[in-house]
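Visitor: When you get a sec, could you give me coordinates for this:
(2 chains)
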Amino acid sequence: DTEVTQTPKHLVMGMTNKKSLKCEQHMGHRAMYWYKQKAKKPPELMFVYSYEKLSINESVPSRFSPECPNSSLLNLHLHALQPEDSALYLCASSQAEGRLGAFFGQGTRLTVV
Amino acid sequence: AQSVTQLGSHVSVSEGALVLLRCNYSSSVPPYLFWYVQYPNQGLQLLLKYTSAATLVKGINGFEAEFKKSETSFHLTKPSAHMSDAAEYFCAVRTLYSSASKIIFGSGTRLSIRP
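Guide: You can find the predicted model right below:
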């Protein structure tokens, strides 16, 4: 099983809403990532969890709050987003040191209205 | 800091022609390098990876890449393009930050295939 599953696939939310993005993998990977991708741009790293601990936060605004409940799950909690936060949010996982690359989910297309 | 640079934001080739997508890396240590493909409205799929075991790396869908230390390059090639190869291609490098892994992407190259 080399699959990373993200839900939902699409999400439309208002600027005052609270929502969560979910990601799951069953490959035994101990590193999990959130990326943000705008149209016609490369993915930009947001957060890295290593062994369920937040290891890297790329200066992401606090309206994005990650959570790693266990080694298979990764959540991204969203609150008070801005229209410019509309993007494709990608989850990925890899072995802890990332030497073999990361496996990506299909992404959640987020629209903030 | 390690990084990758992709030369050419858009490459167009005829069906059946050679595909060459360019990637150069910057690293003071032996790098771990990757090529990913992204089809419209989808996630990224790992095409191939360089982990220092062999300089010529074969991947999926007939793609391969050669690691050239003297040129700090890791270009992606395919002998004969197919219409289904039309997509966005990203070169990427793994870096370490406080023992945590970061995978950083180049700016991407859009590959178009002419009939």
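Visitor: okay, now the residue of chain A found nearest chain B: neighbour count?
Guide: When you check chain A against chain B by C-beta to the nearest C-beta, the closest residue turns out to be A:G98, at 3.0 Å. (C-beta placed from N, C-alpha, C; glycine too.) Using other C-beta atoms under 10 Å in any protein chain shown, A:G98 has 24 other residues around it.
Visitor: Kindly report the same for B:K102.
Guide: If you count neighbours by other C-beta under 10 Å, B:K102 ends up with 20.
Visitor: residues contacting it?
Guide: Applying C-beta atoms under 8 Å, 6 or more residues apart in numbering or on different chains to B:K102 gives the contacts A:45, A:48, A:56, A:98, B:94-96.
Visitor: Equivalent analysis for A:L73, please.
Guide: With contacts defined as C-beta under 8 Å, 6+ apart, A:L73 is in contact with A:22-24.
Visitor: Look up how far chain A lies from the residue positioned nearest the centre of chain B.
Guide: For chain B, B:W35 is the residue whose C-alpha lies nearest the centre (C-alpha atoms, centre = their mean; 3.2 Å). Distance, B:W35 to chain A, by C-beta to the nearest C-beta, to the nearest Å: 9 Å.
Visitor: just to revisit the earlier point, could you report the separation of the residue of chain A closest to chain B from A:G105?
Guide: Per C-beta to C-beta, to the nearest Å, A:G98 is found 16 Å from A:G105.
Visitor: How about A:N70?
Guide: Taken as C-beta to C-beta, the spacing of A:N70 relative to A:G105 amounts to 17 Å.
Visitor: what does stretch A:50-64 contact?
Guide: Contact partners of stretch A:50-64, identified using C-beta under 8 Å, 6+ apart, comprise A:30-31, A:34, A:44-49, A:66, A:68, A:70-71, A:76-82, A:85, A:96, B:97-102.
Visitor: and that stretch, which residues are buried?
Guide: Using 16 or more other C-beta atoms under 10 Å in any protein chain shown as the test for burial, stretch A:50-64 gives A:50, A:52, A:55-56, A:60, A:64.
Visitor: Rounded mean pLDDT for it, please.
Guide: Throughout stretch A:50-64, pLDDT has a mean value of 95.
Visitor: okay, that stretch in PDB with CA atoms only?
Guide: The C-alpha atoms that make up stretch A:50-64 are tabulated as PDB, following Å, rounded to 0.1, in the frame of the first residue of the first chain:
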ATOM      1  CA  SER A  50       8.900  13.600  12.500                       C
ATOM      2  CA  TYR A  51       8.000  10.700  14.900                       C
ATOM      3  CA  GLU A  52       4.700  12.500  15.600                       C
ATOM      4  CA  LYS A  53       6.500  15.700  16.800                       C
ATOM      5  CA  LEU A  54       6.400  19.000  14.900                       C
ATOM      6  CA  SER A  55       9.900  19.400  13.600                       C
ATOM      7  CA  ILE A  56       9.600  22.200  11.100                       C
ATOM      8  CA  ASN A  57       7.200  25.100  10.800                       C
ATOM      9  CA  GLU A  58       8.100  27.300   7.800                       C
ATOM     10  CA  SER A  59       6.800  30.500   9.500                       C
ATOM     11  CA  VAL A  60       3.200  29.600   8.700                       C
ATOM     12  CA  PRO A  61       0.500  31.900  10.000                       C
ATOM     13  CA  SER A  62      -1.200  30.700  13.200                       C
ATOM     14  CA  ARG A  63      -4.600  30.400  11.400                       C
ATOM     15  CA  PHE A  64      -3.100  27.100  10.200                       C
END
